[in-house]
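Sequence and computational prediction follow.
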2 protein chains.
Amino acid sequence: MTSLHRGKQSMIFPSRPVVTAWASVAGKKEGEGPLGKSFDLVIPDGKYGENTWEQAETHFQRTAMDLLLEKAGPDSETPELVFSGDLLNQCVGSSYALRGSGLPALGLYGACSTMAEGLLLAGAMVNAGYAKHAAALSSSHFAAAERQYRFPLAYGGQRTPTAQWTVTGAGAVLASAEGSGPVLTGATVGTVEDKGITDANNMGAAMAWAAYRTIRANLEDLGRRPEDYDRIVTGDLGSLGSAMVREFFAADGVRLGERYTDCGVLIYDREAQDVHCGGSGAGCSAVVLAARLLPGFSAGQWKRILFCGTGALLSPTTVQQKRSIPAICHAVVIEN
Amino acid sequence: MTSLHRGKQSMIFPSRPVVTAWASVAGKKEGEGPLGKSFDLVIPDGKYGENTWEQAETHFQRTAMDLLLEKAGPDSETPELVFSGDLLNQCVGSSYALRGSGLPALGLYGACSTMAEGLLLAGAMVNAGYAKHAAALSSSHFAAAERQYRFPLAYGGQRTPTAQWTVTGAGAVLASAEGSGPVLTGATVGTVEDKGITDANNMGAAMAWAAYRTIRANLEDLGRRPEDYDRIVTGDLGSLGSAMVREFFAADGVRLGERYTDCGVLIYDREAQDVHCGGSGAGCSAVVLAARLLPGFSAGQWKRILFCGTGALLSPTTVQQKRSIPAICHAVVIEN
């Protein structure tokens, strides 16, 4: 059996699964941001016609999945696997979205790194021949996340300068054995890292070290330098967290430069939208991947990128118990 | 690329990954049950020396993982992948258990089906050559689950006749490219099913249909009949849920007979331990797999079994919002 493992934490996909379709459904604030015109659909109503935030989030995911299958084409076969997850307790956004769909479903929890985790697993399964098509699906919802993780909106709590704004949106991506589109050539699975950050309002800082570790592992495992990627994009470190990643690399004598950016930084206009440190949430990297990163290939903007989903693995309970915040980062190599 | 997909929802593992090690760490009630002498370790202190139930659950998982690596042997290489998940909000049991371990970690959420989900993914990744060793890890804790899903113990709430008792315990299993032990030959990925059950105190009923659907899919996809398995074992349907599965098959004219049983039924003495419908929780199928099912192979008790983890995908929030309970079942074929 040929080993598809590389180095400490990485794997390669020699059959180069193709990303044949992608879809993004975002909320009002996201629609007013820099990527507003790039989403497949913007839903101005935060409730999306539903009674609760959780049901709204399920609706966002369901729509993203429906759009994905539509874009895959009328003759496209149904995916044999769907990897999905979200931030809601017990990932109910995803479960209720896939309920009754008949799609074989594998639930994930990677916090805000879920899209990267799903994408790497989808690519791995297609590369190995377990599926001709495998989808990755993730979402978040600002109001649902605020109530669950922090406070209900009606509380009127003040956000700290390091806080990030949870994206309302769902992204869906399809990896296929054949077709046209960017290809997945490998991935680096993250390790759970913890640098002792206890401030739940500064998740960018909590995740920055995990991002640095995984990006470094990817470069070492695959024998690459940052210049081998046109873009290295983290999921939702935000402006502070991404600055920290630059510092970590600078301490190694490595200048990341303009090739490094972050989905949490890309999704909102920092000044005009008063989001403090930027976007966050499992939906953040999911919609930015679909609306900005994947289209960039056919637009000729990049040939190879490293998509690094980042997740903070805390819960309100662990914060109340005064435990520090572990984090993880999973990276996927996407090429022309 | 050879297709490893079979039928609608299944996959095969032609290189037959070997289950080279397993470990179970269980709590006091479990230690007093029929499998009490079979667990690797029984921890009578529910807090396991920690300050909180959540930290206790992490300790259970950490110990299971440590024992697993010990049993894998001093010359054994570190697993390149660990799949883990639990029932705690944001799966913190698992994240804190793997924190700082340096093990590449992929977080799952499958509720009580998590061990089966992790085992099928571990088998798939080893079969494909992404890892020489991949571990699956899962846990639950009675007191943590009661507080999170129902009420704190001090509330003194009464349990209904259909209620199940969340297992306190962690199980860990290692799939390897080579070695001796039972082998994983295939799996069936479940779909999210919902038959409209709204009673959160009757999760056996909520999950029974999902179990029936996945077992049927496995039989159809792999061209088998129940007699091709020495045992078909669901994760935690308990006595009522497993009776329902028998009825569903009986309605098809299929008599499951003695070959069908359930981990929630196996783990406690129903009369002596007053657990009503039996055990439940992500730790249930995990510890029973490690303590009873896997050892049964070398004991000559069975040659081929179908291990069917079952999960109810509700949350306290969805119950409060009066939504019905979706469920899923993932099945793994384990042979001599």
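Noted; the coordinates are in hand. Numbers count the residues shown, from 1 in each chain, chains lettered A, B, ... in the order given.

For chain B, give me its nearest residue in the stretch 151-300 of chain A.
The minimum distance from the stretch 151-300 of chain A to chain B, using C-beta to the nearest C-beta, falls at A:Val189 (3.7 Å). The C-beta positions use only the backbone N, C-alpha and C, and glycine is treated the same way.

burial count for that residue?
Using other C-beta atoms under 10 Å in any protein chain shown, A:Val189 has 30 other residues around it.

OK, contacts around it?
By C-beta atoms under 8 Å, 6 or more residues apart in numbering or on different chains, the contact list for A:Val189 reads A:9-11, A:120, A:330, B:81, B:104-106.

Please, which helix or strand holds A:Phe248?
helix A:238-251 (DSSP states H and E).

what packs against that helix?
In this structure, helix A:238-251 makes packing contacts with helix A:203-221, strand A:231-234, strand A:260-262, helix A:263-266, judged by 3 or more C-beta pairs under 8 Å, 6 or more residues apart in numbering or on different chains; DSSP states H and E.

Mean neighbour count and mean pLDDT added to these, as a markdown table?
Converted to a markdown table, those look like this (neighbours: other C-beta atoms under 10 Å in any protein chain shown; pLDDT from 0 to 100):
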| stretch | mean neighbour count | mean pLDDT |
| --- | --- | --- |
| helix A:203-221 | 25 | 96 |
| strand A:231-234 | 26 | 98 |
| strand A:260-262 | 23 | 98 |
| helix A:263-266 | 28 | 97 |
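
who touches the helix holding A:Phe248?
Contacts for helix A:238-251 (C-beta under 8 Å, 6+ apart): A:162, A:164, A:202-205, A:207-209, A:211-212, A:215, A:226, A:234, A:237, A:255-256, A:260-262, A:264-265, A:270, A:276-280, A:310.

thinking again about what came up before, would you format the contacts of A:Val189 as TSV with pLDDT included?
Shown next, in TSV, are these (pLDDT from 0 to 100):
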residue	pLDDT
A:Gln9	97
A:Ser10	98
A:Met11	98
A:Leu120	98
A:His330	98
B:Leu81	98
B:Pro104	98
B:Ala105	98
B:Leu106	98
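
Just the ones in strands from the residues you listed, please.
A:10-11, A:330, B:81, B:105-106 (DSSP state E).

give me the element the most centrally placed residue in chain A is part of.
Centroid check for chain A by C-alpha atoms, centre = their mean gives A:Ser285 as the closest residue, at 3.2 Å. Assignment of secondary structure by DSSP H and E places A:Ser285 within helix A:282-288.

Now the element after that helix, going C-ward?
helix A:295-298.

Now do the buried residues in that next one.
A:296-297 (16 or more other C-beta atoms under 10 Å in any protein chain shown).

ranges for the helices of the stretch 1-150 of chain A?
A:28-31, A:53-72, A:92-98, A:114-128, A:142-149 (DSSP state H, counting those that start in this stretch).

what's the last one in contact with?
The set of residues that contact helix A:142-149 without belonging to it, under C-beta under 8 Å, 6+ apart, is A:27, A:29, A:46, A:53-54, A:56-57, A:87-89, A:93, A:152-153, A:165-168, A:200, A:281, A:316, B:317.

switch to 7 Å and redo it
The contact list for helix A:142-149, computed with C-beta atoms under 7 Å, 6 or more residues apart in numbering or on different chains, reads A:27, A:46, A:53-54, A:57, A:87-89, A:152-153, A:165-166, A:168, A:281, A:316.

same question, the second one
Contacts to helix A:53-72, defined as C-beta under 7 Å, 6+ apart, come from residues A:20-25, A:40-41, A:43, A:46-48, A:50, A:86, A:88, A:92-94, A:96-97, A:135, A:137, A:139, A:141, A:143-144, A:147, A:169-172, A:174, B:317-318, B:321.

Just the residues you listed: which are in strands?
Those of the contacts of helix A:53-72 lying in strands (DSSP E): A:20-25, A:41, A:43, A:86, A:135, A:137, A:139, A:169-172, A:174.

Just the pLDDT for A:Met1.
A:Met1 carries a pLDDT score of 55 in this model.

next one: A:Gly73
We note a pLDDT of 88 for A:Gly73 in this prediction.
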